[in-house]
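Undergrad: could you work out the structure for the sequence below:
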Amino acid sequence: MSRAYSRAVFLKIRGTMKRCGAYRVETDPTLGDHHYLVQHTSKSNRYSWSQHKFKVTANASNGSYMCECKTWEHTGLFCVHLLRVFMQLNVKSIPATYILRRNDLRLSGSDGTTHSLRTTELLTEAMGVVRAAAMSSVGRDRAMDVLRELHK
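TA: All right, here's what the predicted structure looks like:
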């Protein structure tokens with residue numbers, strides 16, 4: 001996952017994955033294959049969510065996954081229920097349809113370069129300009145004028 005998602009998204013998913021151990025998966029007896037019930041292992045009368053069995057539909061052969069909590073549909077991130085079923089089914093990789101462009105580490109522009117590469121190139125060049133401009137007040141003034149013009 002760390003090779004597919006940006007760092008921020010990966011850290012969120014990693015936190016969710018840590019919570020997966022507290023859930024158990026069973027096949028939904030009413031619907032059968034590809035339908036699962038996911039429930040927290042410690043049933044508590046204080047919290048209604050811990051008593052609920054979330055219905056998850058997961059078909060690894062065609063790569064379709066859905067949970068009734070609708071976290072994926074609302075946030076674009078997998079819920080603990082889906083991730084727990086992924087573990088149960090031993091899903092090796094996430095289908096590309098579930099990696100949103102905004103979360104993709106390999107996000108690239110129309111020229112084919114990644115956001116990360118463009119940022120690195122700009123920072124390297126900008127720091128060279130900063131070092132040269134800081135040598136004199138005239139250089140600083142000129143660099144500031146150019147930067148302000150670019151920022152408009």
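
Undergrad: how close does Arg142 get to Glu121?
TA: Going from Arg142 to Glu121 by Cβ to Cβ, to the nearest Å gives 22 Å. Quick note: C-beta positions are derived from backbone N, CA and C, even for glycine.

Undergrad: look at the two and report which has more neighbours.
TA: Neighbour count, other Cβ atoms under 10 Å: between Arg142 and Glu121, Arg142 has more, with 14 against 11.

Undergrad: what helices or strands is the lowest-mean-pLDDT helix or strand in the chain leaning on?
TA: Lowest mean confidence among the helices and strands of the chain (mean pLDDT, DSSP states H and E): helix 7-19, at a mean of 83. Applying 3 or more Cβ pairs under 8 Å, 6 or more residues apart in numbering; DSSP states H and E, one finds that helix 7-19 contacts helix 80-89.

Undergrad: what's the angle between the helix it packs on and helix 7-19?
TA: 70 degrees (axes from the mean of the first three to the mean of the last three Cα atoms, to 10 degrees).

Undergrad: which helices and strands sit right next to helix 80-89?
TA: Under the contact definition 3+ Cβ pairs under 8 Å, 6+ apart, helix 80-89 sits against helix 7-19, strand 23-27, strand 35-40, strand 54-59, strand 64-67.

Undergrad: what's the average pLDDT for it?
TA: For helix 80-89, mean pLDDT rounds to 92.

Undergrad: what's the domain layout of the chain?
TA: Using automatic domain parsing, the domain parsing of the chain gives 7-103, 115-151.
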